[in-house]
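[1] Provided below for reference: sequence and predicted model.
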Amino acid sequence: MPLNVQTCPLDGVLLIDPSTKFEDFRGEYVELYNAVEYKAAGISYDFVEDDISVSRQHVLRGIHGDQKTAKLVSCLHGSFYLAVVNNIKDSPQYRKWTAFTLSDRNRRQVLIPPGFGNGHVVLTETAMFHYKQTKAYDRDSQFTLLWNDPTVNIWWPISNPLISQRDSGL
């Protein structure tokens, strides 16, 4: 079965259901990435780095991004709410956002193009956030938007998240 790729309200952001998901009495098997299938679906990024972030419930990470890196985001364990923000200044969708709930049950993925930021808040006791990147991590080239920036006005499923100094604007 081919990948199920859906467009989203923000141009270039895609919601993906992996094509290979199998579950039986032994457990589960999921193919998170297959370059041939993704290219056949029109996703032609060359990913060079894989990263994970493990956080506890109510931790909010982000909104971070840069102008050169695409990311393919998955949830390996637990559940999180993912917000994606267009931060391309000359885009008609500048500072518009969309959101998704990713989990180890739905196995959905979100493709985030360059110029977009993303952040997430953990909904379960713990969650493992996985992302493939098209560029090596470079903190110096990143932008940070405040999670509660009133000009972006992202709806979050909690009101008092646990956040780092960087994400609090300090």
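    Great, that's in hand. Numbering: from 1, shown residues only.
[2] bridging residues for the spatially most central residue of the chain?
    Central residue of the chain (CA atoms, centre = their mean): residue 73, 4.1 Å from the mean position. Per DSSP bridges, residues listed as beta-bridge partners of residue 73: residue 110, residue 131.
[3] So it is in contact with residue 82, correct?
    Yes. With contacts counted by CB atoms under 8 Å, residue 73 reaches residue 82, the gap being 6.3 Å. Glycine gets a C-beta too; all of them are placed from N, C-alpha and C.
[4] Give me the residues contacting the longest helix along the chain.
    Ranked by residue count under DSSP state H, the longest helix found in the chain is helix 35-40. With CB atoms under 8 Å, 6 or more residues apart in numbering as the contact definition, helix 35-40 has outside contacts at 2, 3, 19, 44, 45.
[5] Would you indicate which residues of it are buried?
    37, 38 (16 or more other CB atoms under 10 Å).
[6] For the next helix or strand after it, which strands pair with it and how are they oriented?
    Helices and strands here follow DSSP states H and E; after helix 35-40, the next one along the chain is strand 49-56. Strand pairing for strand 49-56, using DSSP bridges, gives strand 126-133 (antiparallel).
[7] Show me what the next helix or strand after the partner strand is packed up against.
    Reading on from strand 126-133 to the C-terminus, the next helix or strand found by DSSP H and E is strand 143-144. Secondary-structure packing of strand 143-144 (3 or more CB pairs under 8 Å, 6 or more residues apart in numbering; DSSP states H and E): strand 60-65.
[8] tell me what the strand it packs on is packed against?
    Counting by 3+ CB pairs under 8 Å, 6+ apart, strand 60-65 packs on strand 79-86, strand 116-122, strand 143-144, helix 165-168.
[9] can we see that at 7 Å?
    strand 116-122, strand 143-144, helix 165-168 (3 or more CB pairs under 7 Å, 6 or more residues apart in numbering; DSSP states H and E).
[10] Brilliant, that's me finished.
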